[in-house]
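> Have a look; sequence and predicted model below, questions after that.
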Amino acid sequence: MRPTAKFWVLIGIAYALLIGGAVWGLVAARGWAISTLDNSAEQENWAKWQEDTQAKQDDLQIPESRRGHTSAEPPALILLRDYFASLVTTTVILGTFLFAFFVFVARGASRSGGTPTS
């Protein structure tokens, strides 16, 4: 059974909703991160957290320790502000491949008819 034009229109709408929703979510997260994390109070909170974490790690007296954070800004802010274009590009590419794989599998499952032979 060949897919009809209606099938491909529905697939196109589902794809547009999926990718559009993902990009909208990233844009909303970016707006939240910039409005919430890009101020001096949050940067002071981040610096305090870094100091507290380093102090806890120093108290453990273990031979190996993790490298501390060196950024003066929270990682979420840096990711969503400085690397936003690459984040959106990666999301669209991975979302496209996953959606195409899902359509491939769903079409294959719907095309196999009959009972299996043994």
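Nice, thanks for sending it over.

> Every contact and neighbour count from this point should use C-alpha atoms.
Fine.

> Centroid-nearest residue for this structure?
Central residue of the chain (C-alpha atoms, centre = their mean): residue 91, 6.4 Å from the mean position.

> which strands and helices sit next to the helix or strand where it lies?
Residue 91 is part of helix 84-111 when elements are defined by DSSP states H and E. On a contact count with 3 or more C-alpha pairs under 8 Å, 6 or more residues apart in numbering; DSSP states H and E, helix 84-111 meets helix 5-37.

> how about 10 Å then?
If contacts are counted by 3 or more C-alpha pairs under 10 Å, 6 or more residues apart in numbering; DSSP states H and E, helix 84-111 sits against helix 5-37, helix 75-82.

> out of the ones you listed, deepest packed?
Mean neighbour count (mean count of other C-alpha atoms under 10 Å) peaks for helix 75-82 among the helices and strands packed on helix 84-111, with a mean of 16.

> what sits up against that one?
26-27, 29-38, 46, 69, 71-72, 83-88 (C-alpha atoms under 10 Å, 6 or more residues apart in numbering).

> 6 Å instead, please
30, 33 (C-alpha atoms under 6 Å, 6 or more residues apart in numbering).
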